[in-house]
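Asks: generate a structure from the sequence data that follows.
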Amino acid sequence: MRTRNIGTASVSAIGLGGMPMSVLGHMPDEEQSIRTVHAALDAGVTLIDTADAYTPSHRDVGHNERLIAKALASWDGDSDDVLVATKGGHTRVAGGGWGLNGSLAYLREACEKSLKALGVESIALYQHHRPDTMVPYAESIGALKELLEAGKIRAAGISNANPAQIREAKEILGPGLVSVQNEYSPRFRSSEPEIDVCEELGLAFLPWSPLGGMGSARQLGSAHAAFGEVAEERGVSPQQVCLAWLLARSPVVIPIPGSSHPDTIRDSLGALDLTLTPEELARLG
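Replies: Residues are numbered from 1 along each chain as shown. Reported below is the predicted structural model:
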C-alpha cells in the first residue's frame, strides 16, 4: 500500500471518508457500512475520516463516529496503526439543515463528545470543520491549541479554509497543524491555491468529495468526458482515473472517497496501482 504523511504519521495514500455511511435523511444499513470499513482495512487503508455531524439527523449526532468505533472493535486485524480523524464545529439542526458553532466552549464540548463516541482517550487528528463567521477564526483555532495542550487531541487540522486562514492557523498552532480538508474534484477545482499553500507549509491536503459527489462510474465518466475516455482506454473505472489524477496533483494530496459498499472502496483503491502519463494528465486538465 502506498503511503503519504500527515504530520509525523504515515498513512495509506487513499483514505476512507465517512459521510456515505451516515446518509442524511435516513438510517443507513449498519452491517453493510461495517463491512465496507472492514474491506477498506483489509485492503490496507490506515486513514478513516469522519465527523460528529455525519449523521442521519440532528437527533443522532456522533452516529458515524460510533459506527467507525464499532467497526474497528469488531475487525480482526490490528487497528493500532489506523488513524481516525474527526471534525467539530459544523452542527446539525432540525429539518436536516446545517449550522455552525466555532466558539471555544462549543469545540471543547464537541471534542469531549467525539472522544466518547470514538471510545478513545485522545483523538489522533481533530479538525475544525468549517469557519464560523460569527466567531473570530483565531478563537476557533485557539480551541484546537487548547485541546492539543490538554492532550485531548494529538494533531490538529482545519477544513473549508482559504489560504489566509491556513496561514493564520499555522501561525497559531505551529507544528500542531498537520492537515487541511477542502473540497476538490474534477467538478470543483477552486482549491488549487490551498493545495499550493499546503505543499509550501508541509501540510497534508485531504480533498473531500474527491469524486465530485458522483457515486457511479457512469455519472463521473459522462459528466467529465475525458475521465471516462481515459478509463475506457485503460480498462479501469472513471473513479480510479479520478483518484489517480488527484494523487498526481501533489505529494501532499490524500483523497478520502466515501463509500457505502465494500466493492466500491476496493475499486477506488485500484487507483494506487494506476500511474497516469503526462499526456493523460494534460487531457484531464
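
Asks: and the strands in the protein?
Replies: 3-6, 9-12, 16-17, 47-49, 83-88, 90-93, 97-100, 125-128, 156-159, 177-181, 204-205 (DSSP state E).

Asks: sheet-wise, list the partners of the fifth one with their directions.
Replies: This points to strand 83-88. strand 47-49 (parallel), strand 125-128 (parallel) (DSSP bridges).

Asks: how about those in TSV, adding mean neighbour count, distance to S74 and mean pLDDT?
Replies: The C-beta positions use only the backbone N, C-alpha and C, and glycine is treated the same way. Shown next, in TSV, are these (neighbours: other CB atoms under 10 Å; distance: least, CB to CB, whole Å; pLDDT from 0 to 100):
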stretch	mean neighbour count	distance to S74	mean pLDDT
strand 47-49	27	14	98
strand 125-128	26	22	98
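
Asks: just put those strands in a markdown table and tack on distance to F205.
Replies: As requested, the strands paired with strand 83-88 are exported to a markdown table (distance: least, CB to CB, whole Å):
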| stretch | distance to F205 |
| --- | --- |
| strand 47-49 | 13 |
| strand 125-128 | 12 |
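
Asks: so for S268, which of the strands of the chain sits nearest?
Replies: Of all the strands of the chain, strand 16-17 sits nearest to S268, with 8.8 Å by CB to CB.

Asks: hmm, who's touching the closest one?
Replies: 36-37, 40, 45, 47-49, 208, 256-259, 265 (CB atoms under 8 Å, 6 or more residues apart in numbering).

Asks: would you map the helices across the stretch 151-285 of the chain?
Replies: Taking DSSP state H, counting those that start in this stretch as the criterion, the stretch 151-285 of the chain carries its helices at 163-173, 192-201, 217-223, 225-234, 238-249, 262-269, 278-284.

Asks: where among the ones you listed is the average confidence lowest?
Replies: When those are compared by mean pLDDT, helix 217-223 comes last with a mean of 82.

Asks: can I get that one as PDB, trimmed to CA atoms?
Replies: Below are the C-alpha coordinates for helix 217-223, written out as PDB (Å, rounded to 0.1, in the frame of the first residue of the first chain):
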ATOM      1  CA  ALA A 217     -18.900   5.300 -12.800                       C
ATOM      2  CA  ARG A 218     -21.400   6.300 -15.400                       C
ATOM      3  CA  GLN A 219     -22.100   9.700 -13.800                       C
ATOM      4  CA  LEU A 220     -18.400  10.600 -13.400                       C
ATOM      5  CA  GLY A 221     -17.400   9.400 -16.800                       C
ATOM      6  CA  SER A 222     -20.300  11.200 -18.600                       C
ATOM      7  CA  ALA A 223     -20.100  14.500 -16.700                       C
END
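
Asks: chain center to that helix, what's the gap?
Replies: Chain-centre distance of helix 217-223: 22 Å, with CA atoms, centre = their mean, to the nearest Å.

Asks: kindly report the same for stretch 187-200.
Replies: With CA atoms, centre = their mean, you get 15 Å for stretch 187-200.

Asks: buried stuff in that stretch?
Replies: 191, 194-195, 197-198 (16 or more other CB atoms under 10 Å).

Asks: measure G62 to Q219 for me?
Replies: Note on G62: its distance to Q219, by CB to CB, to the nearest Å, is 30 Å.

Asks: now do E121
Replies: E121 is 42 Å from Q219, by CB to CB.

Asks: which of those two has more neighbours?
Replies: Neighbours per residue, other CB atoms under 10 Å: of E121 and Q219, the larger number sits with Q219, 15 against 8.

Asks: which one of the contacts of strand 16-17 sits closest to A138?
Replies: W208 (23.8 Å).

Asks: let me see the contact set for the closest one.
Replies: Per CB under 8 Å, 6+ apart, neighbours of W208: 17, 49, 159, 181-184, 256.

Asks: again, but for A124
Replies: 9, 83-85, 153-155.

Asks: could you dump those to TSV with neighbour count?
Replies: Output for these, formatted as TSV (neighbours: other CB atoms under 10 Å):
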residue	neighbour count
A9	19
L83	19
V84	21
A85	29
I153	26
R154	19
A155	25
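
Asks: just put the strands of the chain in TSV and tack on distance to E149.
Replies: As requested, the strands of the chain are arranged in TSV below (distance: least, CB to CB, whole Å):
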stretch	distance to E149
strand 3-6	20
strand 9-12	19
strand 16-17	29
strand 47-49	24
strand 83-88	17
strand 90-93	23
strand 97-100	24
strand 125-128	13
strand 156-159	11
strand 177-181	14
strand 204-205	22
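
Asks: many thanks, we can stop here.
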